[in-house]
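> Provided below for reference: sequence and predicted model.
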2 protein chains.
Amino acid sequence: MLAAERIPHPTREELELGAVLHALSDPVRLRIVATLAADGTRTCGSFGLPVTKSTCTYHFRVLREAGVISQRPEGTTRVNSLRRDDLEARFPGLLDKVLDAASAEAAA
Amino acid sequence: MLAAERIPHPTREELELGAVLHALSDPVRLRIVATLAADGTRTCGSFGLPVTKSTCTYHFRVLREAGVISQRPEGTTRVNSLRRDDLEARFPGLLDKVLDAASAEAAA
DNA sequence: TAGCAAGTACGATAAACGTCGTATAATCGT
DNA sequence: ACGATTATACGACGTTTATCGTACTTGCTA
């Protein structure tokens, strides 16, 4: 049964600014995105997030449904990656500035 | 009674990315910000927003408390303006990219 | 094949959000 | 002094959000 093969992702054209900004406005999710930006692809469990597994699932789903990340099943895990190209195509420069802002804030 | 003279605004240093992104993630508020960006300073009532007055008050308050706009009482109205400089100082380039993204989305 | 590890599904819950309506305050004109 | 205008305050309301715990599924591996 390869049902998990079909995890729904919005297309590039379907990306909505409001949903993206909302997805990025949560500290846990912003941390996921920043980690992913620095470090390529990661499984869900490898982030050391201060929340339970089910809450993780929830946050990854919010990010995926907003089109910020994509998830690909691989064995029992899911490999996450940033949808840099799609975000850049739809909202040029936005992701980078958010990431800059996040590290600027962390440095303060 | 000049109590209304002291509307609380966060300082530049107090701006938080999460709060700013959340403030910008609502369509009504994003429209307020876009209008303000295009048009300098405006009173609350002059936006033609599709919500009641009390909801307007609410949205302007969210934007002000996030540090996105400032409000200055003037007669019976409040004059709103974007806190461009503070946002730019704290999160360089962010506001412009969000505004670009908003108009890109509107054009699609 | 039996167990383990990684995630998901689902239900519960408390808090926050966006909206409204009504009532109130502050200021300007007349 | 009065009314009109502009906006806030407060309470209500239904919805969404972020969180958890428990139960389940899936695939690897010993």
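That came in fine, so what should we check first? Quantities reported herein were computed from a predicted structural model and do not represent experimental measurements.
> so whichever residue of chain A sits closest to DNA strand D is in which element?
Closest to DNA strand D within chain A is residue A:54: 2.9 Å, counting by Cβ to the nearest atom of the strand. C-beta here means a position set from N, CA and C on the backbone, and glycine is covered the same way. Element membership for residue A:54, per DSSP states H and E: helix A:53-66.
> does that helix come close to chain B?
No: counting by Cβ under 8 Å from any Cβ of the partner chain, chain B has no neighbours in helix A:53-66; the shortest distance is 10.1 Å.
> what is that helix packed up against?
helix A:17-24, helix A:27-39, strand A:69-74 (3 or more Cβ pairs under 8 Å, 6 or more residues apart in numbering or on different chains; DSSP states H and E).
> rebuild these as a markdown table, extending it with mean pLDDT, distance to residue A:96 and mean neighbour count.
Converted to a markdown table, the helices and strands packed on helix A:53-66 look like this (pLDDT from 0 to 100; distance: least, Cβ to Cβ, whole Å; neighbours: other Cβ atoms under 10 Å in any protein chain shown):
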| stretch | mean pLDDT | distance to residue A:96 | mean neighbour count |
| --- | --- | --- | --- |
| helix A:17-24 | 98 | 12 | 22 |
| helix A:27-39 | 96 | 9 | 18 |
| strand A:69-74 | 95 | 16 | 16 |
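> where in chain A is pLDDT low?
A:1-5 (pLDDT under 70).
> output the set of residues of it in proximity to chain B.
Taking Cβ under 8 Å from any Cβ as the measure of proximity, chain A contacts chain B at A:13, A:16-19, A:21-22, A:24-27, A:30, A:90-94, A:97-98, A:100-102, A:104-105, A:108.
> ok, now with 10 Å
Residues of chain A that fall close to chain B, judged by Cβ under 10 Å from any Cβ of the partner chain: A:13, A:15-27, A:29-30, A:87, A:89-98, A:100-102, A:104-106, A:108.
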